[in-house]
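In: After the sequence you'll find the predicted model.
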Amino acid sequence: MLKPFLDSNRIEAGCDEVGRGCLSGPVVAAAVILPMDYANEFINDSKKLSKRNREDLVSEIKTEAIAWSVAEASVAEIDSINILNASFLAMNRAISSLDSKPEFLLIDGNRFKTTLDIPFACIIKGDAMYASIAAASILAKVYRDNLMVDLAKEFPGYDWENNAGYPTPKHRAGIRSLGLTPWHRKSFKHLPEQLPLF
C-alpha cells in the first residue's frame, strides 16, 4: 500500500506527467487531491499496472478524489520551450485547474519549476511511494493513451494505438515510409540516423 500523505496536517496534491520521451503527441500531466483516509491497494505507479487495471482505476480516482485535473502542453509548446519546460507547464496547468487549492504539492521526479504560490517537494519515484502521485500518473497515462488511439485513426501507419507515440520500431518504420505528421515533435530526433529538424 502506498503512503497516503507526506504530512497529515495539510491538503496535499500529487502531480505527475506522462509522454516526455515520446516522438509525437502532447505531454500530459495530472494533479490529484485524495482524502486523508483514502486507501486502495491497487493504486500504484501507472507503469506497473496493466492497461485494464489503469482504466478501471480512473473512475474510482475521479469519484473518490477531493479534486483532480488533467492538462496538456502542446507539440508546438514542446518545440518552442523544450520538453522539460513543457512538462512543467502541463503540471502547472493541472494544478491550477484543481477545484480545491492544495496547501502543498508532491511532485514526481527530481525537478519542478512553478510560479504558483504553493510549496512543493520533488520525490524521485514518487509514483511508487505516494497514492496521490500514483493516482495522477494513472489519470495522465490513460488520458494520453486514449488521445493517441484517437490520433492513430486520423494518422494510421505509426502504430500510435499501441506505442502511444514512443520511439518503437513500428513507429520509426512509419516515419521512414510516411514522413512526419503535425503531431510529431520537430525538435526531437525521430530516427537514429537523423538530426533534429531544429
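Out: Noted; the coordinates are in hand.
In: Tell me the pLDDT of residue 198.
Out: Predicted confidence (pLDDT) for residue 198: 48.
In: Next: residue 38.
Out: Value for residue 38, per-residue pLDDT: 90.
In: all helices of this protein, in order?
Out: Remark: helices assigned in the chain by DSSP state H are 51-64, 75-81, 83-96, 131-154, 160-163, 169-178.
In: Kindly state which of the ones you listed is positioned closest to residue 6.
Out: helix 131-154 (9.3 Å; CB to CB). C-beta here means a position set from N, CA and C on the backbone, and glycine is covered the same way.
In: so what does that closest one touch, helix or strand wise?
Out: Counting contacts by 3 or more CB pairs under 8 Å, 6 or more residues apart in numbering; DSSP states H and E, helix 131-154 is packed against strand 12-18, strand 27-33, helix 51-64, strand 67-73, strand 104-108, helix 160-163.
In: Dump the ones you listed into CSV; add distance to residue 177 and mean neighbour count as well.
Out: What follows is the helices and strands packed on helix 131-154, written out as CSV (distance: least, CB to CB, whole Å; neighbours: other CB atoms under 10 Å):
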stretch, distance to residue 177, mean neighbour count
strand 12-18, 27, 29
strand 27-33, 26, 30
helix 51-64, 27, 14
strand 67-73, 28, 22
strand 104-108, 36, 24
helix 160-163, 15, 20
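In: who touches residue 104 in this structure?
Out: Contact analysis of residue 104 by CB atoms under 8 Å, 6 or more residues apart in numbering lists 6-7, 10-13, 118-121.
In: Please repeat the previous calculation with a cut-off of 6 Å.
Out: Contacts were defined as CB atoms under 6 Å, 6 or more residues apart in numbering; by that measure residue 104 touches 10, 12, 119.
In: where are the low-confidence patches of this structure?
Out: The chain contains residues with pLDDT under 70 at 194-198.
In: Excluding chain neighbours, give the residue nearest to the residue of the chain most remote from its centre in space.
Out: Farthest-out residue of the chain from its mean C-alpha position, per CA atoms, centre = their mean: residue 177, at 29.0 Å. Spatial nearest neighbour of residue 177, chain neighbours left out: residue 157 (7.1 Å); criterion: CB to CB, 6 or more residues apart in numbering.
In: Name all residues that make contact with residue 137.
Out: Here residue 137 is in contact with 16, 46, 127 (CB under 6 Å, 6+ apart).
In: And the first one, how far from residue 172?
Out: What it means is residue 16. 27 Å (CB to CB, to the nearest Å).
In: Check the last one too.
Out: Applying CB to CB, the value for residue 127 to residue 172 is 28 Å.
In: Looking at these two now, which is surrounded by more residues?
Out: Set residue 127 next to residue 172 and count neighbours by other CB atoms under 10 Å: residue 127 wins out with 29 against 18.
In: doesn't residue 45 make contact with that one?
Out: Yes. Applying CB atoms under 6 Å, one finds residue 127 in contact with residue 45, separated by 4.2 Å.
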